[in-house]
Each structure stands twice: as structure tokens, then as C-alpha cells.
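okay, structure incoming, though there's no sequence with it:
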Ligand SMILES: *[C@@H]1O[C@H](CO)[C@@H](O)[C@H](O)[C@H]1NC(C)=O
Ligand SMILES: *[C@@H]1O[C@H](CO)[C@@H](O)[C@H](O)[C@H]1NC(C)=O
Ligand SMILES: *[C@@H]1O[C@H](CO)[C@@H](O)[C@H](O)[C@H]1NC(C)=O
């Protein structure tokens, strides 16, 4: 009798647990600066949660909702999967060509880029703060907020309504705010974007620290401005959470995997998502099947520079097209805009290509990519040799991971690129088996995981829902320390003071003793 009661209670417990997890209300807040991998990956996260029977409300700008690529890739799908709520953005001039953009971006180093990006955070915050629909939405009872690490409004809502919050970092270890994913030791962890591995010389470590401090300074300005704006909308103390998010966040989902990224220490609330966004390849349609059939002798090269650089200026599109035309392989290039000069018969350009499905084909000899956060994982997952042409931001850093750590890639620098250089790089990577062997070896290690990346990510999100937060994963000790305590400068200072006192005392005593001795000898002589 007793035991069956216990059993019944136990079952009830399980049911209750399931009820609290099933159908939780989740607010999903991607970083909306155009439709790119940051947004795509967050929407995939959202779709995963919808499939797990949660109610997901997704916030995006009206501009993105109207974007052609968004409609093409997400379309009605988004509306079917989520409750999509959009906020108004002021009209801006349309860019027709990315030539200016790529030239501008090429000449910026990361801290400079952050100044521009910091302004974008501010604009997004302003647009959301003054949007009545979003403000009303913020008053609803959500069980959880999941947001991109760069969006500020959800940080305010989380504090104001005491809703647990999870951050997603698409840049992985390279989050803008190093407090969100602490570096712990700049002696071997990259403070920011730079070209170093985890073995650094003195001057590299110096540069590492210098860049780290510059980024901190830029962010500090961005946070101060955001806080002032937030206060002017009457959110009071909740505004502090814009800067304090690293202390209150429950979980950070970090786009990272051990095979590509350098090992570094992380706290338990920082979860590597191991490329959860990778999708299972689908069979190719007849059009692409025909292309593959026609390329049986030499195979194919897949080229994609990500959603931001689908359009290119005349200079670059010509250089690329000419290099591709000299290859024996069939080239499939995700490209939009004017037909490039010198486009070869072997090159197929298409605004949208089934990239995931193509890359899984054994006919692929080479992947030419900008090394975006997602294509990095696609190359790894499919064991593909790569020629990396980084454009901006984290891309050079990602390319370097493939070139230096996995050793499956060659990098061609965009600001000095020529057709010959690109052609040589492509030929070497295709003809020298080392690149493919290394890529395959990395892929085998990557696939050897305890849990499927999607299941792992979902588990951790639901973990936070089940326990209504995960503050027990956070170190209160770490969060309370000030600068001097954190770097043990107070201890080092105390040690120095003790040593100084001891040395001074010894000197005084020795001096006094010597004086006594001298006096004694003098006295004796006298
Ligand atoms: C939450 O925000 C409202 C304004 O929307 C403000 O009046 C209130 O003081 C805030 N609460 C907290 C706890 O910060
Ligand atoms: C192939 O590439 C590897 C790594 O770059 C290099 O060490 C090796 O000499 C190359 N082999 C040939 C035959 O060029
Ligand atoms: C992942 O989760 C799904 C749904 O719960 C399950 O069917 C599948 O077997 C899991 N896969 C792995 C590899 O654990």
C-alpha cells in the first residue's frame, strides 16, 4: 500500500515535471542586422524548441520580414513555426552593391568594427524600446528568454520581469563581451580577434592584451549609452542588467567545438553547441543531379561567401570568375547580381544553392568559402578541404582555425587577391592529398560525440526551464570580486608589503648590530 502511494507520487512528479517543460512560453530574440547566419541559427534553435512542443514567440524587425532572402529561406515557414512579432525600423537607403561595404570593412580592425557595431546595438535598442507592440509583448509571462548576445532589450526584460535568460553566441569563443565568456588567462586564450594560436610569443601576448582592453573600452561606451537610453524610457534599475548580464545570465550557448577551437577553461554555464544548426542533407533535385552527373571526371567545387557577400563589386567578382574559369572542375557559386566578366563555361552561378545537400556529395573536391561561423562547421562536418577567402569579422579567425589547427585549408587574402593566386591555392588544395586527409580525420573526431549536438542544446535549454533558472551553475564568488581581487592584486600587494617590511626590519637590525659591533671593537681598542 505504502509503496504504491510512493510510486503514484513519483509518477505524478514526473508528469508535473513534464507539464512544466512541455509547452513552456519562450521569447526568442535574434540579433537583427540583416538575414545572416546569426539569425538563421537562432531561428533553427527556435524551430527545435517548437518541435519539442514549446510555444515560441520570435521578435524580428519589419525590415527583415520583408527581406527577399528571409522570405525565400524562412518564408511562411517562420509563421508556421512561431508566433512572429516584428518591430518598426526607420527607413534606410538601400545598398545596391557590396563593393563599398567590402572595401570599407577590409580596412577596419576589430575594435574599430566594434564602434560601428556598437551603434547598431544602440539603434536596435532604440527601435525596440519605442515600439508599442514589443513593449506590450515584454509584459507577457514568459518562462524563458533566449537571445543573441548582442541584443540589449531582452536583458532589460529579463531583469524587469525576473525571467531566466539564455544568451546565444554565434561567434563562439569570440563573443564581443569577454565577460560573457570570460577568457581567464590571456596568456593562452585569445582575448579578441587576432591571428594567434594558443601558443603566443611575448609580443603576441602583448597584442592580445592590448586588443582585449581596446574592445572592453569600446563596449563600455556602448553600454553606457544604452543604459542612458534605457533609463529615459523608465526602466530604472533594470537598465543595469545591460552591463551586468554576465552576472545574471543562466546559460551561454557557445558556437564552438573542440576539434576546431583551441582548448580553454569555461565555467559550467557555458555550453558548447557543437554546430547544432547543421541539417541533414536532402536528395538533390534533378537540376543539380544532372550537373553532378556531367562532372563525374573532375568533380565539383562549391563556392559560397555567405549571405552578406552574395553580391560583390566588379573588381572581386571578376577576379573570382576568372580563377574559377581556369579550373577543370565544375564550379557552383552562390552569387547574386550582374554576370561577372570572364565567367567560365564551367561555372554555374545561382542566387540560392542547396549548399548543405551539395556539400555532402562525394563529388565535391573543394569548398571555397569566407569561413563564416556556419560554413566552418559545414566544412568540418563534411570533411572538406577548403580555400578560405575571409571578408570581415570572425572570418579570418575561422579560416585560420582550418588552416593552422585542422590543416585542411589554405587562405587567400582578399585585399591582395589575384586570379592566379586563387587558382594556385585551389589547385594545391585539390591536388595535395594532405588537406583532404586532415579534413577527414577532423570530421571523424567531430562525429564522435557523446550526445547529438541538437539534443545536447535542447537538453540544456530545457534544463533551465525545468529548474526555473540555473544560478547554481554561476560562481557567486567570481561575480562579487572587484578588479584588484579578481587578479589577486590585493594579495600580491600584501605579499609585497610584507616583504618590504621584513627587508626593512632586517636591514635596520643588521645596521644596528653592525653599529654595536663597531662600537664594541672601538671601545676594546681604546
Ligand atoms: C519595470 O519596468 C517598469 C516600466 O515598464 C518600471 O516602472 C518598473 O519600475 C520596472 N521594475 C523593475 C523591478 O525594475
Ligand atoms: C602537401 O601539403 C603539405 C602541407 O602543406 C606539405 O607539407 C607537403 O609537402 C605537400 N606535398 C606535396 C607533394 O606538395
Ligand atoms: C535526439 O532526440 C530525439 C528526440 O528526443 C531522439 O529521437 C534521438 O534518438 C536523439 N538522438 C540522439 C543521438 O541521442
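Thanks, I have the structure now. It should be emphasised that the depicted structure is a prediction, and the values quoted were computed from it without experimental measurement. Numbers count the residues shown, from 1 in each chain. Ligands and ions are numbered 1, 2, ... in the order given.

give the contact list for residue 364.
By Cβ atoms under 8 Å, 6 or more residues apart in numbering, residue 364 lies in contact with 299-302, 358, 382, 384. (Each C-beta comes from the backbone N, C-alpha and C, glycine too.)

ok, now which ones touch the nearest residue to residue 184 once chain neighbours are set aside?
Once flanking residues are discounted, residue 184 sits nearest to residue 265: 5.1 Å by Cβ to Cβ, 6 or more residues apart in numbering. The contact partners of residue 265, by Cβ under 8 Å, 6+ apart, come to 184-185, 189.

just the buried ones from the residues you listed, in PyMOL syntax?
A single PyMOL command is used to select the members of the contacts of residue 265 judged buried by 16 or more other Cβ atoms under 10 Å:
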select buried, resi 189
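
shaky segments in this structure?
1-22, 75-80, 92-111 (pLDDT under 70).

how about the nearest residue to the spatially most central residue of it, chain neighbours excluded?
Centroid check for the chain by Cα atoms, centre = their mean gives residue 171 as the closest residue, at 1.5 Å. Nearest residue to residue 171 in three dimensions, chain neighbours excluded: residue 394, at 5.1 Å (Cβ to Cβ, 6+ apart).

can you check residue 465 too?
Among residues not flanking residue 465 along the chain, residue 24 sits closest, at 4.9 Å (Cβ to Cβ, 6+ apart).

buried by neighbour count: which residues of stretch 456-469 qualify?
By 16+ other Cβ under 10 Å, the buried positions in stretch 456-469 come out as 456-458, 460-462, 464-465, 469.

next up, the contacts around the closest residue to residue 269 other than its chain neighbours.
Excluding the flanking residues, the one nearest residue 269 by Cβ to Cβ, 6+ apart is residue 473, at 3.9 Å. Shown in contact with residue 473 (Cβ under 8 Å, 6+ apart): 250-251, 267-269.

ok, back up a step: pretty sure the residue nearest to residue 171 contacts residue 193?
Yes: counting by Cβ atoms under 8 Å, residue 394 touches residue 193, with 6.4 Å between them.

who touches both of the two?
residue 174.

show me what the longest helix anywhere in the chain is packed against.
In the chain, taking DSSP state H as the definition, the longest helix is helix 489-525. When contacts are defined as 3 or more Cβ pairs under 8 Å, 6 or more residues apart in numbering; DSSP states H and E, helix 489-525 sits against helix 483-486.

the helix it packs on - contacts with which helices or strands?
helix 489-525.

pull the distance from the helix it packs on to the chain's centre.
Its chain's C-alpha centre and that of helix 489-525 lie 57 Å apart, by Cα atoms, centre = their mean, to the nearest Å.

repeat for stretch 46-58
With Cα atoms, centre = their mean as the basis, the mean position of stretch 46-58 lies at 21 Å from the chain mean.

that older thread, which of the contacts of residue 265 sits closest to ligand 1?
Nearest to ligand 1 among these, counting by Cβ to the nearest ligand atom, is residue 184 at 31.7 Å.

related to what we said a few turns ago, among the contacts of residue 473, which are located in strands?
Using DSSP state E, the subset of those located in strands is residue 251.

can you tell me which of the contacts of residue 473 has the most neighbours?
residue 250 (26 neighbours; other Cβ atoms under 10 Å).

sorry, back to before: could the buried residues of stretch 456-469 go into CSV alongside secondary structure?
Shown next, in CSV, are the buried residues of stretch 456-469 (DSSP: H, G, I helix; E, B strand; the rest coil):
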residue, secondary structure
456, helix
457, helix
458, helix
460, helix
461, helix
462, helix
464, helix
465, helix
469, coil
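
which stretches of the stretch 151-300 of the chain form helices?
Assigned by DSSP state H, counting those that start in this stretch, the stretch 151-300 of the chain shows helices spanning 153-161, 202-232, 241-248, 286-294.
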